[in-house]
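In: Curious how this folds, go ahead:
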Amino acid sequence: MTISLIFRTLASFLSFWHSNKAISKKKDINIRKKILQKIDNIKIKNKSLKQTHKKFNKEISSLLKSENLKNFLRKNFIQKIFFLQNRIFILKELNEIKKSKKWKIYKKLLIEDPVGNPIRYFLYSKSSGNRINHVYHLSVIENELKINLSKNIKTVFEFGAGYGCMARIFSKLSKKIRYICFDTDYVNLLQFYYLKHNNLNVGFHKNNKFYLTSNLKKSRNNNDLFIANWSLSETPINFRNKFFKVLSSSKYILICFQENFENIDNLKYFNLLKKKLSNKFKIVIKINRFYKGNIFYKQNHYFFIGKKL
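Out: You can find the predicted model right below:
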């Protein structure tokens, strides 16, 4: 057991008295049946993957086939990649949200769902650390660009949509929202599980309001908002370049990134991207005041926020 895993496990005990409502067993069985029908058709080219990705695919494949999928947000490998829990900087983000004139709206968005059995934030049990973090990001883009997301945003393309938390938040912002979750096939199935349990029109066809895909050619350009939070910044440069069209055709951009990832200087990369988009967008790169990584590896993190001219 690594030190970071020990800290994550200990932190979860801070919320031991906060429980979630049970999800429908009948619905869970039906959703898992649909997942099992699809999972055997997934073909992954393991030769091109790093060992960490091979390990993740094996773990998530096993989880998707398990009856314990209902507790997926309690799994350490899921938390490590997709779910922030009881971190102190989350309280700073929450306090910042509370100062907003839109607090009444944000307060509703913060209400956590029981799907996945999320760890409730120990200092605000109506929500989770991850949900607070996502809503804070939306408050940042609204403040920076002076826009109203519920009125200005009707279509979203999210690169690396996690388990579907941001998509779920947007479903609360607008009933008319159309949302693309671009991710790997296995993660798309996890998003299907989470969003389907939340009674959303989610699926693998373009006519679904929440469209799950791993195929860029089947995605839609000219979206209102492009989101990529700690996802685009964790891919090879050549792979990032494939998404320039869908990014540059959007009206607004929200990207969160760390200063360095493996051997890539992300700050340099995103400053070059800013320059490349300068004739079409007004772009701000601002430091994340609250998040500095973890105690084992501290570095600066940034917001890349853009609005089409």
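In: where exactly do the helices run in the stretch 51-200 of the chain?
Out: 51-64, 76-82, 88-99, 103-109, 129-145, 149-152, 165-173, 185-197 (DSSP state H, counting those that start in this stretch).
In: typo on my end, it should be the stretch 201-309 of the chain
Out: 237-241, 244-248, 266-277.
In: And the ones you listed: which comes nearest residue 181?
Out: helix 244-248 (13.2 Å; CB to CB). Glycine gets a C-beta too; all of them are placed from N, C-alpha and C.
In: quick one: that closest one to chain centroid distance?
Out: Offset of helix 244-248 from its chain centre (CA atoms, centre = their mean, to the nearest Å): 19 Å.
In: Quick check: buried residues in it?
Out: 246-248 (16 or more other CB atoms under 10 Å).
In: who's in contact with the closest residue to residue 153 other than its chain neighbours?
Out: Excluding its sequence neighbours, the residue lying closest to residue 153 (CB to CB, 6 or more residues apart in numbering) is residue 224, at 4.6 Å. Residue 224 sits next to 152-156, 250-252 when contact means CB atoms under 8 Å, 6 or more residues apart in numbering.
In: taking those one by one, which sit in strands?
Out: Counted as lying in strands by DSSP state E, out of these, are 155-156, 252.
In: Which one of those is nearest to residue 230?
Out: Nearest member of the ones in strands among the contacts of residue 224 to residue 230, counting by CB to CB, is residue 156, at 16.9 Å.
In: per-residue confidence at the closest one?
Out: The score at residue 156 is 98. That number is its pLDDT.
In: and it, how far is that from residue 138?
Out: 11 Å (CB to CB, to the nearest Å).
In: More neighbours: which of those two?
Out: residue 156 (26 against 23; other CB atoms under 10 Å).
In: hang on, isn't that one packed against residue 228?
Out: No: with contact defined as CB atoms under 8 Å, residue 156 and residue 228 do not form a contacting pair (11.2 Å).
In: Could you list the buried residues of stretch 218-237?
Out: So, applying 16+ other CB under 10 Å, buried residues of stretch 218-237: 219, 223-235.
In: for stretch 284-304, same thing?
Out: 285, 288, 290-291, 301-304.
In: low pLDDT regions in this protein?
Out: Along the chain, segments meeting pLDDT under 70 span 1, 3, 45-50, 294-297.
In: Does residue 125 touch residue 20 like I think?
Out: No: Residue 125 is beyond contact range of residue 20, at 10.4 Å (criterion: CB under 8 Å).
In: When the two are compared, which one has more neighbours?
Out: Using other CB under 10 Å as the criterion, residue 125 and residue 20 rank with residue 20 on top: 18 against 13.
In: Surely that one forms part of a strand?
Out: No: remark: residue 20 does not belong to a strand; assigned using DSSP: H, G, I helix; E, B strand; the rest coil, it is coil.
In: which one is it nearest to, not counting chain neighbours?
Out: residue 114 (3.8 Å).
In: my read: that neighbour touches residue 23, true?
Out: Yes: taking CB under 8 Å as the definition, residue 114 is a contact partner of residue 23 at 5.9 Å.
In: dump the residue contacts of residue 293.
Out: Applying CB under 8 Å, 6+ apart to residue 293 gives the contacts 258, 299, 301.
In: I'd like the helices of the stretch 51-200 of the chain written out as TSV, with distance to residue 34 added.
Out: Formatted as TSV, these follow (distance: least, CB to CB, whole Å):
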stretch	distance to residue 34
helix 51-64	11
helix 76-82	20
helix 88-99	34
helix 103-109	28
helix 129-145	25
helix 149-152	31
helix 165-173	18
helix 185-197	7
